[in-house]
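Undergrad: Need a 3D model of the following:
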Amino acid sequence: MTTPTGVLERELTALVGELWDPDQTLRAWWRRLADHGLTFPHWPERWGGRGWARDEIAVLARVLTAVGAIGPPPGLGGLMGGPVVLALGNDEQRTRLLPPLRDGTEGWCQLFSEPGAGSDLAGLTTRAERDGDEWVVTGQKVWTSGAHDSDRGMLVARTDWDAPKHRGLGYFILPMDQPGVDLRPIKQMNGASHFFEVFLDGARVADADRIGEPGQGWAATTATLSFERSGLSDALRVPGPRPNPGERPGDLDRTCAQLIAAHDESATTATEAHAAQNLVDLARRRGRHTDAATRQHLAGLVARERIAEAGRLRMAAATAAGGTPGPEASVAKLAWTESLRVAADVGPSILGPAGALHGADAGDGEDLVDFLLTMPSARIAGGSDEIQRNIIGERALGLPREPSPDRDLPFRDVPRS
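TA: Purely as a prediction, here's the structure:
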């Protein structure tokens, strides 16, 4: 840390005090944060950040929380897209693509998984064919979070069917609002439709929006997944509303006060309901905090959360120079999903019979029940737990690779069911 914590906190308290006004629009607030390098402060100064480490970001999070401010733009664009452009894009792309992410005027989604290519992502069959200064994309993606609210999609598609599957891919930043992009919501068991199928039929993306060389998209793909697994780019988390960036969700021109009031009415979100402190509070309200087994589970959850945070701090230090996370990202992902598993075990024991109910019928356990119905997707997103263990075994421990007889075959010769 270049500035002592106390000094930095005083400086940020004064600055945020000048910038924050709950009666301003979300658009104006995010623009003010961006102008001062505070939306993604871990980004390099040249590209609109401050080059901060995680402990400095934690100071900013405390200051924003203390005044009740809304945090910076959330979503996959800041979490993964921006870091990949920083790491593997060129200066023209950084100049053009990063500002709308910093000020929250664009939201991005991730166009990776396909019906026939999930864990074996390199086996995808969506194709991108060159047409002058553009690429024409045809295929199908699935499990695309927030596709309906997104301005662009991080797309991996096959550009060369004669190359082996890992070496024939391209990585593009695809405009979503165009003919040839058809979205179909997927109904989840928690009642939501957060995920979408995306059908691409002649969709176009400029060659200027290609990240890296044609056929070398696997490097950008693995970098994206590493940022997703590590959560490193999402270090600045502030309690309260997390409105989606971009014009489509319709929040940019609402006042911050309106968004805060709406969040207060909806109470805890499903993604927050698993946190150890929230479960401890629920156990106290339900009179379960004196039960020995429940206390043991809660203590284990607290320990896992602290271990996971220590791992994130170590990873932040290792990637401070601007690189991409390595196998340690898989360790962080596993630590997170394991904490979710423990929370999913202890949650029903706290709720008792109410755990079988959904919606308002579950009372003060409504958000926890919603989390329990949502949680299984976390063990798949960003690569399943089994894939993470393979990565750790092969890349960190030096164990033999999983057999892959089709690894060096031209992709068109790979048998497909």
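Undergrad: Can you show me the helices along this protein?
TA: 5-19, 26-35, 54-67, 76, 82-88, 91-102, 217-230, 256-266, 276-285, 292-318, 328-351, 366-374, 385-391 (DSSP state H).
Undergrad: ranking those helices by burial, who's on top?
TA: helix 76 (a mean of 26; mean count of other C-beta atoms under 10 Å). Any C-beta I mention is one placed from the backbone N, CA and C, and that applies to glycine too.
Undergrad: Show me what that one is packed up against.
TA: Counting contacts by 3 or more C-beta pairs under 8 Å, 6 or more residues apart in numbering; DSSP states H and E, helix 76 packs against strand 108-111.
Undergrad: try 10 Å this time
TA: Helices and strands touching helix 76, by 3 or more C-beta pairs under 10 Å, 6 or more residues apart in numbering; DSSP states H and E, are strand 108-111, strand 152-158, helix 217-230.
Undergrad: I'd like to know which of these has the weakest mean confidence.
TA: Lowest mean pLDDT within the helices and strands packed on helix 76: helix 217-230, at a mean of 86.
Undergrad: Next, the angle strand 152-158 makes with it.
TA: Using axes from the mean of the first three to the mean of the last three C-alpha atoms, to 10 degrees, one finds that helix 217-230 and strand 152-158 are set 130 degrees apart in direction.
Undergrad: And helix 217-230, what does it pack against?
TA: Counting contacts by 3+ C-beta pairs under 10 Å, 6+ apart, helix 217-230 packs against helix 76, helix 82-88, strand 108-111, strand 152-158, strand 169-175, helix 292-318, helix 328-351, helix 385-391.
Undergrad: residues in contact with the last one?
TA: Residues external to helix 385-391 that are found in contact with it (C-beta atoms under 10 Å, 6 or more residues apart in numbering): 118-121, 222, 225-226, 229, 326-327, 329-335, 337-338, 341, 378-380, 382-384, 399, 401-402.
Undergrad: ok so, going back, so for residue 101, which of the helices and strands packed on helix 217-230 sits nearest?
TA: Among these, helix 82-88 comes nearest to residue 101, with 4.9 Å by C-beta to C-beta.
Undergrad: Just tell me which of the helices and strands packed on helix 217-230 ends up closest to residue 6.
TA: Nearest of the helices and strands packed on helix 217-230 (C-beta to C-beta): helix 292-318, 19.9 Å.
Undergrad: how distant is the closest one from the center of its chain?
TA: With C-alpha atoms, centre = their mean, to the nearest Å as the basis, helix 292-318 stands 20 Å off its chain's centre.
Undergrad: helices and strands around that helix, which ones?
TA: helix 54-67, helix 217-230, helix 276-285, helix 328-351.
Undergrad: One more pass at 6 Å, please.
TA: helix 276-285, helix 328-351 (3 or more C-beta pairs under 6 Å, 6 or more residues apart in numbering; DSSP states H and E).
Undergrad: quick one, that helix and helix 54-67 angle?
TA: 120 degrees.
Undergrad: contacts for stretch 170-189?
TA: 128, 147-148, 150, 152-153, 155-157, 159, 193, 195-199, 201-203, 205, 209-212, 214, 217, 220, 373 (C-beta atoms under 6 Å, 6 or more residues apart in numbering).
Undergrad: quick revisit: quick check: which of the helices and strands packed on helix 217-230 is nearest to residue 10?
TA: Nearest of those (C-beta to C-beta): helix 292-318, 23.5 Å.
Undergrad: Quick one: work out the angle between that closest one and helix 276-285.
TA: 160 degrees.
Undergrad: Can you say which of the helices and strands packed on helix 292-318 is nearest to residue 47?
TA: Among the helices and strands packed on helix 292-318, helix 328-351 sits nearest to residue 47 (C-beta to C-beta), with 21.6 Å.
Undergrad: re the thing from before, would you turn the helices of the chain into a markdown table with distance to residue 246?
TA: Formatted as a markdown table, the helices of the chain follow (distance: least, C-beta to C-beta, whole Å):
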| stretch | distance to residue 246 |
| --- | --- |
| helix 5-19 | 22 |
| helix 26-35 | 11 |
| helix 54-67 | 21 |
| helix 76 | 11 |
| helix 82-88 | 14 |
| helix 91-102 | 8 |
| helix 217-230 | 19 |
| helix 256-266 | 15 |
| helix 276-285 | 29 |
| helix 292-318 | 27 |
| helix 328-351 | 26 |
| helix 366-374 | 23 |
| helix 385-391 | 30 |
